[in-house]
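Novice: Structure of the sequence below:
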Amino acid sequence: MVHPDQNFSSSSGASDGAGSSGADDFAARNSSFSAYDPSRPSGEGSPMMMSPWNQPSPFANSWSSNPDSSKTTSSSENQPQNSLIGSLVREEGHIYSLAAKNDLLYTGSDSKNIRVWKSLKEFSAFKSNSGLVKAIIISGDKIFTGHQDGKIRVWKISPKDPSVHKRSGTMPTFFDIFKASIKPSSYVEVKRNRTAVWIKHTDAISCLSMSQENGLLYSASWDRTFKVWRADNSKCVESVRAHDDAVNSVVASVDGIVYTGSADGTVKVWKREQKGKSVKHTSVQTLLSQESAVTALAVNENGTVVYSGSSDGLVNFWEKEKELSHGGVLKGHKLAVLCLEAAGNLVFSGSADKTICVWRREGAVHTCLSVLTGHTGPVKCLTVEKDKESAADGGGGDKKWVVYSGSLDKSVKVWSVSEMAPELQQMGHGNSNWDSIPSAKY
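Specialist: The predicted structure is shown next:
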């Protein structure tokens with residue numbers, strides 16, 4: 001079954017459906033590197049019409065679970081390469097969420113199982129009765145999962161056996177819902193002639209983000225709100241009506257700054273204020289206002305650059321050092337950007353066009369290092385971990401990353417990506433298809 005998704009604005013119109021040749025184009029690409037293709041103009045096709053949620057047929061599922069030894073090729077054999085390490089396949093549902101920590105990978109799908117993988121093999125699994133797992137986040141010995149039913153479930157890893165995961169609660173708790181339900185002041189209007197207690201999401205959870213510095217968990221939902229929770233006691237401390245359409249992404253950054261992106265086409269900046277136990281978020285800036293839905297957000301580790309992906313296939317970015325002025329646009333996809341991750345000087349964008357673009361940032365200039373291909377369905381989620389060998393040398397040499405990509409083709413692919421990899425034009429390919437365009441205001 002293909003689930004509806006509100007990644008795209010409910011106000012978007014239908015398109016002419018151009019770009020239907022994309023399936024043939026991508027079927028022919030099975031290596032881990034995609035060379036320049038002059039027939040692939042950026043922005044071709046309508047994300048609304050070409051999105052997986054409007055396609056009746058499931059994707060091909062002929063993936064092997066054996067590691068793939070194919071690598072990208074380059075004019076210099078001793079240059080660092082970006083390569084496919086392997087594929088993880090379990091024929092039970094489209095992959096909607098990923099999280100990785102300490103060599104363990106957690107995958108969430110539209111089945112009832114959350115699977116745990118180690119060294120490219122299945123390590124464990126635990127079942128949730130809610131079905132579709134939209135988001136996973138790991139914090140200490142707890143795992144938080146966000147679901148289609150609007151609830152967050154909390155899991156604990158057994159100290160005796162790391163393969164055993166037990167559910168330790170649900171957010172909001174039954175007791176908190178009961179307590180709120182007997183107070184008339186706890187009810188807010190969620191739709192015309194319909195009210196609900198403010199601590200509950202009334203639609204699917206789309207995204208989770210953790211502010212590690214103060215133990216606050218953020219949940220974004222299609223109900224147009226984001227909510228703030230204390231991770232230690234599962235209490236909801238604030239609910240913010242943030243947008244005029246589904247909130248597709250929320251990212252907690254440094255210095256009390258939070259970013260939200262919505263199907264209403266906006267990216268908003270929120271400032272957190274804490275006084276004792278009370279938490280309040282105030283909208284301080286709108287970075288973007290456009291017709292295309294904002295589908296993904298990412299912030300680099302030190303919070304200096306913010307990225308937003310949208311249904312028109314573009315990635316916009318802003319620089320905090322310049323008062324969040326618009327830095328430019330990254331053009332690398334011909335269909336909607338569905339997920340973004342930032343790691344080191346790299347940015348990864350996954351798309352409904354089945355590819356992942358790898359960008360390297362130097363100042364405000366972004367260069368496309370490679371386009372990772374191999375998925376036969378839209379790339380719905382990404383997560384990145386530092387490569388063990390790269391971490392061991394203290395960062396003195398080449399920085400390498402292990403990238404996990406989850407797709408609606410029911411597979412997860414594992415990639416090795418180097419920050420020192422040669423860029424596209426160095427490999428003898430044109431790169432007019434993968435552009436970093438400076439902002440006109442820059």
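
Novice: And the pLDDT at Lys121?
Specialist: The score at Lys121 is 93. That number is its pLDDT.

Novice: Could you do the one 5 residues further on as well?
Specialist: Here the pLDDT value assigned to Phe126 is 91.

Novice: Give me the neighbour count for it.
Specialist: 19 (other C-beta atoms under 10 Å). Where C-beta positions appear, they are placed from N, C-alpha and C, glycine not excepted.

Novice: And for Gln81?
Specialist: Quick note: Gln81 (other C-beta under 10 Å) scores 19 neighbours.

Novice: How about Trp117?
Specialist: 22.

Novice: Go ahead and confirm it touches Lys101.
Specialist: No: contact between Trp117 and Lys101 fails when scored by C-beta atoms under 8 Å: they sit 12.0 Å apart.

Novice: if you go through the protein in chain order, where are the helices?
Specialist: Taking DSSP state H, the helices of the chain run over residues 22-27, 47-50, 174-181, 388-392.

Novice: What backbone torsions are found at Lys399?
Specialist: The phi and psi values for Lys399, taken as degrees, to the nearest 10, are phi -80, psi 130.

Novice: What score does it have for pLDDT?
Specialist: For Lys399, pLDDT reads 85.

Novice: Not including adjacent chain positions, what is the nearest residue to it?
Specialist: Leaving aside its chain neighbours, Lys399 sits nearest to Glu419 (4.3 Å; criterion: C-beta to C-beta, 6 or more residues apart in numbering).

Novice: same question, Asn345
Specialist: Here the residue nearest Asn345, using C-beta to C-beta, 6+ apart, is Arg361, at 5.1 Å.

Novice: just checking, that neighbour touches Val305?
Specialist: Yes: under the criterion of C-beta under 8 Å, Arg361 makes contact with Val305 at 6.9 Å.

Novice: Could you pick out the longest strand of the protein?
Specialist: strand 278-289 (DSSP state E).

Novice: Okay, now the sheet partners of that one, with direction.
Specialist: In the sheet, strand 278-289 lines up against strand 266-275 (antiparallel) (DSSP bridges).

Novice: in the partner strand, what's buried?
Specialist: Of the residues in strand 266-275, Thr266, Val267, Lys268, Val269, Trp270, Arg272 count as buried by neighbour count, 16 or more other C-beta atoms under 10 Å.

Novice: gap between the fourth one and Cys207?
Specialist: This points to Val269. Distance, Val269 to Cys207, using C-beta to C-beta, to the nearest Å: 16 Å.

Novice: hang on, the earlier thing: ok, the residue nearest to Lys399 touching Arg360?
Specialist: Yes: counting by C-beta under 8 Å, Glu419 touches Arg360, with 6.3 Å between them.

Novice: so what's in contact with those two at the same time?
Specialist: Shared contacts of Glu419 and Arg360 (C-beta atoms under 8 Å, 6 or more residues apart in numbering): Asn345, Leu346.

Novice: Enumerate every residue touching the residue nearest the centre of the chain.
Specialist: Nearest to the mean C-alpha position of the chain, by C-alpha atoms, centre = their mean, lies Cys339 at 3.7 Å. Cys339 makes contact with Ala296, Gly309, Ser349, Gly350, Val379, Lys380, Cys381, Leu382, according to C-beta under 8 Å, 6+ apart.

Novice: and the closest residue in space to it that isn't next to it in sequence, what are its bridge partners?
Specialist: Spatial nearest neighbour of Cys339, excluding adjacent residues (C-beta to C-beta, 6+ apart): Gly350 at 4.3 Å. Beta-bridge partners recorded for Gly350 (DSSP bridges): Cys339, Ile356.

Novice: on that earlier part again, inside strands: which ones of the contacts of Cys339?
Specialist: Using DSSP E, those in strands are Ala296, Gly309, Ser349, Gly350, Val379, Lys380, Cys381, Leu382.

Novice: got a markdown table for these, with pLDDT too?
Specialist: Listed next are the ones in strands among the contacts of Cys339 as a markdown table, based on pLDDT from 0 to 100:
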| residue | pLDDT |
| --- | --- |
| Ala296 | 98 |
| Gly309 | 98 |
| Ser349 | 98 |
| Gly350 | 98 |
| Val379 | 98 |
| Lys380 | 97 |
| Cys381 | 97 |
| Leu382 | 98 |
